[in-house]
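Engineer: Take this sequence and fold it.
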Amino acid sequence: MNYQDSYDLARTQPAVFWGQAAEAIDWNQPWERVLDDSNPPFYRWFSGGQLNTCHNAVDRHVAAGRGEQAAIIHDSPVTGTKARISYAELQDQVARCAGMLRDLGVTQGDRVILYMPMIPETLVGMLACARIGAVHSVVFGGFSARELATRIDDAKPKVILAGSCGIEPSRVVAYKPLLDAAIDQSSHKPERCVILQREQGPAELLPERDLDWAETVATASPAECVPVAATDPLYILYTSGTTGIPKGVVRDNGGHAVAMVWSMRHVYGMEPGEVFWAASDVGWVVGHSYIVYAPLLHGCTTVLYEGKPVGTPDAGAFWRVIEEHGVSVLFTAPTAFRAIKRDDPEAKHLGHYSLDKFRALFLAGERCDPNTLEWARDKLKVPVIDHWWQTETGWAIAANCLGLEQLPIKPGSPTKPVPGFDVQVLDDEGEPVAPGTIGRIMIRLPMPPGCLPSLWGPSGRGDERFVQSYLSAQPGYYLSGDAGYFDEDGYLFVMSRIDDIINVAGHRLSTGAMEGVLANHPAVAECAVIGAADALKGELPVGLVVLKAGIDATPETLKTELIALVREQIGPVAAFKSVIIVERLPKTRSGKILRGTMKSLADGTPYRAPATIDDPAILGEIEQALRDSGYGGMASS
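Structural biologist: Coordinates of the predicted model:
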């Protein structure tokens with residue numbers, strides 16, 4: 001089917017559409033109902049069915065005679081090592097790791113936290129949990145002890161799997177002291193911690209509690225796959241909220257497996273046996289979905305990259321990986337390409353590599369400005385697909401589905417809603433807005449398979465938080481938290497978070513639209529626009545820009561040009577008069593720019609730096625730059 005036929009069938013007959021999609025999965029017991037809508041707003045997919053996600057991701061490919069195909073390619077420029085793990089080898093490693101967990105008393109439904117770097121054993125540990133029906137929760141290796149402690153107290157793991165250290169381009173980050181401090185701070189205490197020793201930073205093990213990964217796995221007998229209910233949880237992934245109590249997004253087994261396989265073929269256009277690379281981290285949802293589960297469920301080879309887009313060793317790092325490993329499709333954040341463009345504006349490094357097998361680039365995680373998309377398309381000569389999704393959905397809400405048909409690309413838009421997602425743009429009263437009018441982007445319930453059925457929490461607390469956080473704004477709808485609009489052709493434009501729509505003298509304006517204008521200036525590598533409090537007009541936009549390498553123009557000349565551009569393309573109504581040139585912007589480790597934190601700095605109001613911030617020191621730089629320009633400067637709370 002083409003895009004429109006697929007979208008219409010998923011909207012009008014979801015049970016038929018997703019029932020057909022589910023035939024791509026091995027089931028231990030068939031489902032009783034494709035869509036269980038008996039208890040709205042808590043919809044469930046494939047109720048009554050039983051399966052095992054690890055079997056579908058690993059064992060069935062070995063049984064089909066493809067055991068020698070590479071399942072994982074680990075490429076680590078920070079350690080100078082590479083490894084290829086076949087599906088047969090992965091099956092053995094996962095079964096033994098699962099046996100280790102079983103020997104430590106982990107049973108179906110128990111939780112296991114992973115606090116590990118970007119190494120194959122992290123994927124092995126996740127799949128081992130899935131193999132025996134345990135629920136895993138991956139926490140970024142190197143996360144602060146306080147943040148790890150909150151997740152330990154919420155998930156209450158029986159066992160924690162951890163690496164001794166992580167490797168950054170310029171330093172080794174010791175994980176074990178952070179883990180020990182987190183356990184000291186948490187009220188819940190895991191029974192055991194299994195530590196994978198890395199030679200770059202081995203850890204001292206505590207008697208009674210800590211075990212050595214290699215030694216413990218070596219004595220374990222392989223464990224078989226345990227069938228679980230399709231509606232049972234596969235994992236918990238915590239969002240980086242600022243309330244101090246993280247929200248644990250729950251992913252089920254059945255709907256998740258179906259959505260992952262469908263998306264690999266129909267969104268990304270991948271075939272089994274091809275090489276897929278999601279240049280993300282397993283601590284993020286992109287890593288869960290498209291480093292681990294989707295590629296392996298679909299029988300692809302997944303690239304696990306322990307490095308950066310620049311600096312390991314240079315701005316040609318991505319091109320080397322694509323050529324060396326025969327990558328067909330790359331999925332990364334726009335921030336990565338802005339960094340490459342900043343360091344190598346003419347893409348000179350690209351000329352040293354042959355990307356013969358490479359056929360598409362997908363971008364997500366941060367709004368992709370048209371300038372970055374067009375730069376990548378011009379240099380790579382392949383389709384560059386901006387798509388939009390969230391931790392909560394687990395896969396794309398809107399995309400140009402290459403496996404159905406490639407629709408015309410409109411820079412600035414993630415194209416149209418993916419089949420299964422009924423996306424609406426509504427005003428504050430819940431009424432649809434006209435094309436071209438910015439409103440709240442919402443998804444009509446039920447959402448498709450793979451999306452969160454609820455939040456983690458005992459005695460209904462998770463369900464209550466789920467409704468309060470996502471479903472209370474408009475009955476029958478999921479609130480995405482993003483603002484945007486549909487154009488006359490039905491293309492969706494995601495402009496900013498709802499909180500980033502600023503009010504200038506009564507005019508509702510998108511900071512994303514202003515960022516798009518600034519990003520088009522040839523000197524700008526990346527930028528952010530925030531709304532600073534103003535006594536007269538309510539809010540006024542402030543642009544913070546990072547320049548490309550080698551720019552000769554004076555700061556004052558650039559500021560004048562940038563202000564004129566916004567005035568010309570957005571209009572005088574934007575009252576855009578302030579540009580601040582900075583060395584870098586504060587971001588999360590996934591590349592999201594921390595606009596809300598910068599707004600607090602500009603307004604001089606208390607803020608709390610998100611736990612996922614990549615480098616907290618940058619906030620001092622931004623604070624000083626804002627203060628020098630006459631804005632706030634209050635220290636963080």
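Engineer: The worst-scoring helix or strand of the chain on mean pLDDT: what's the following helix or strand?
Structural biologist: Ranking every helix and strand in the chain by mean pLDDT, DSSP states H and E puts strand 507-510 at the bottom, with a mean of 72. Using DSSP states H and E, the helix or strand that follows strand 507-510 in sequence is helix 511-519.
Engineer: That next one - contacts with which helices or strands?
Structural biologist: helix 370-380, strand 492-497, strand 524-534, strand 538-547, helix 555-569 (3 or more Cβ pairs under 8 Å, 6 or more residues apart in numbering; DSSP states H and E). No exception for glycine: its C-beta is placed from N, CA and C like everyone else's.
Engineer: Which elements pack onto the shortest one?
Structural biologist: This points to strand 492-497. strand 477-486, helix 511-519.
Engineer: rank those by pLDDT, which is bottom?
Structural biologist: Confidence, taken as mean pLDDT, is least for helix 511-519 of the helices and strands packed on strand 492-497 (a mean of 87).
Engineer: Can you list the neighbours in contact with it?
Structural biologist: Residues external to helix 511-519 that are found in contact with it (Cβ atoms under 8 Å, 6 or more residues apart in numbering): 367, 369-372, 412, 494-496, 500-502, 524, 526-531, 541, 543, 545, 562, 565-566, 569-570, 574, 576, 579, 595.
Engineer: which one is Gly307 nearest to, not counting chain neighbours?
Structural biologist: Excluding the flanking residues, the one nearest Gly307 by Cβ to Cβ, 6 or more residues apart in numbering is Pro77, at 4.1 Å.
Engineer: Report the contact partners of the one you found.
Structural biologist: Here Pro77 is in contact with 306-307, 312-313, 317 (Cβ under 8 Å, 6+ apart).
Engineer: Show only the entries of the residues you listed found in helices.
Structural biologist: Ala317 (DSSP state H).
Engineer: how about Phe17, phi and psi?
Structural biologist: phi -60, psi -50 (degrees, to the nearest 10).
Engineer: what's the distance between the nearest residue to it once chain neighbours are set aside and Asp422?
Structural biologist: With Cβ to Cβ, 6+ apart as the criterion, Phe17 has its nearest non-adjacent residue at 4.3 Å, and that residue is Ala10. Look at Ala10 and Asp422: by Cβ to Cβ, to the nearest Å, they are 9 Å apart.
Engineer: Name the residue in the two with the higher neighbour count.
Structural biologist: A side-by-side neighbour count of Ala10 and Asp422, using other Cβ atoms under 10 Å, places Ala10 first with 22 against 18.
Engineer: Confirm that one sits in a helix?
Structural biologist: Yes. Assignment of Ala10 by DSSP: H, G, I helix; E, B strand; the rest coil places it within a helix.
Engineer: In contact with the closest residue to Pro555 other than its chain neighbours, which residues?
Structural biologist: Ranked by Cβ to Cβ, 6+ apart and with sequence neighbours excluded, the top spatial neighbour of Pro555 is Ile581, at 5.3 Å. Taking Cβ under 8 Å, 6+ apart, we find Ile581 in contact with 544-547, 555, 558-559.
Engineer: Looking at these, point me to the pair that's furthest apart.
Structural biologist: Maximum pairwise distance among these (Cβ to Cβ): 13.7 Å, between Val546 and Lys559.
Engineer: Domain ranges for this protein, per the record?
Structural biologist: In terms of domains, the chain is parsed into 3-307+387-483, 505-628 (source: automatic domain parsing).
Engineer: Most tightly packed of those domains?
Structural biologist: Sort the domains of the chain by mean neighbour count, taking mean count of other Cβ atoms under 10 Å, and domain 3-307+387-483 sits at the top with a mean of 20.
Engineer: Next one: Val579 from Pro334, what distance?
Structural biologist: From Val579 to Pro334 the distance is 21 Å (Cβ to Cβ).
Engineer: Repeat that for Glu147.
Structural biologist: Taking Cβ to Cβ, one finds Glu147 at 26 Å from Pro334.
Engineer: go on, Met126?
Structural biologist: Relative to Pro334, Met126 is positioned 27 Å away (Cβ to Cβ).
Engineer: next one: Arg608
Structural biologist: Taking Cβ to Cβ as the measure, Arg608 falls 26 Å from Pro334.
Engineer: what do you get for Leu402?
Structural biologist: 18 Å.
Engineer: Then Glu121?
Structural biologist: From Glu121 to Pro334 the distance is 30 Å (Cβ to Cβ).
Engineer: what's the answer for Thr216, then?
Structural biologist: Taking Cβ to Cβ, one finds Thr216 at 41 Å from Pro334.
Engineer: and what of Asp92?
Structural biologist: Applying Cβ to Cβ, the value for Asp92 to Pro334 is 38 Å.
Engineer: Going along the chain, name the helices of the stretch 201-350 of the chain.
Structural biologist: Counting by DSSP state H, counting those that start in this stretch, the stretch 201-350 of the chain has helices at residues 213-218, 254-266, 285-287, 294-297, 317-325, 334-343.
Engineer: Can you pull out the residues in contact with the fourth one?
Structural biologist: This means helix 294-297. Taking Cβ under 8 Å, 6+ apart as the rule, helix 294-297 contacts 25, 53, 56-58, 61, 71, 127, 257, 260-261, 263-264, 270, 276, 278, 301-302, 395.
Engineer: State the mean pLDDT of that helix.
Structural biologist: 98.
Engineer: Tell me where the stretch 351-500 of the chain has strands.
Structural biologist: Counting by DSSP state E, counting those that start in this stretch, the stretch 351-500 of the chain has these strands, from start to end: 360-363, 384-386, 388-389, 396-399, 416-417, 423-426, 439-444, 477-486, 492-497.
Engineer: just so I know, which of these lies nearest Ser454?
Structural biologist: strand 477-486 (12.1 Å).
Engineer: okay, the angle between that closest one and strand 492-497?
Structural biologist: Strand 477-486 and strand 492-497 are oriented at 110 degrees to each other (axes from the mean of the first three to the mean of the last three Cα atoms, to 10 degrees).
Engineer: who does strand 477-486 touch, helix- and strand-wise?
Structural biologist: In terms of contacts (3+ Cβ pairs under 8 Å, 6+ apart), strand 477-486 is packed against strand 423-426, strand 439-444, strand 492-497.
Engineer: Relative to Val433, which of the ones you listed is closest?
Structural biologist: strand 439-444 (4.2 Å).
Engineer: Listing partners with orientation, what would you give for that closest one?
Structural biologist: Sheet pairing of strand 439-444 (DSSP bridges) gives strand 423-426 (antiparallel), strand 477-486 (antiparallel).
Engineer: so where is this structure shaky, pLDDT-wise?
Structural biologist: Within the chain, the segments meeting pLDDT under 70 span 240-245, 459, 505-508, 633-637.
Engineer: can you tell me which helix in it is longest?
Structural biologist: Assigned via DSSP H, the chain shows its longest helix as helix 87-103.
Engineer: First-to-last residue distance for stretch 312-331?
Structural biologist: Distance across stretch 312-331, first residue to last, is 18 Å (Cα to Cα, to the nearest Å).
Engineer: Tell me the buried residues in that stretch?
Structural biologist: Neighbour counts over stretch 312-331 (16 or more other Cβ atoms under 10 Å) mark 312, 315-323, 325-331 as buried.
Engineer: how far is that stretch from where the chain is centred?
Structural biologist: 20 Å (Cα atoms, centre = their mean, to the nearest Å).
Engineer: ok, back up a step: what residues are up against the residue nearest to Phe17?
Structural biologist: Contacts of Ala10 by Cβ under 8 Å, 6+ apart are 17-18, 419-420, 448.
Engineer: go on, Arg497?
Structural biologist: With Cβ under 8 Å, 6+ apart, Arg497 has these contacts: 481-483, 595-596.
Engineer: For those residues, give me CSV that also has distance to Ala162.
Structural biologist: Converted to CSV, the contacts of Arg497 look like this (distance: Cβ to Cβ, whole Å):
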residue, distance to Ala162
Gly481, 32
Asp482, 34
Ala483, 39
Arg595, 33
Gly596, 31
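Engineer: and which of the residues you listed is nearest to Ile613?
Structural biologist: For the contacts of Arg497, the nearest to Ile613 is Gly596 (11.7 Å; Cβ to Cβ).
Engineer: How about the contacts made by the closest one?
Structural biologist: By Cβ under 8 Å, 6+ apart, the neighbours of Gly596 are 497, 499-500, 607.
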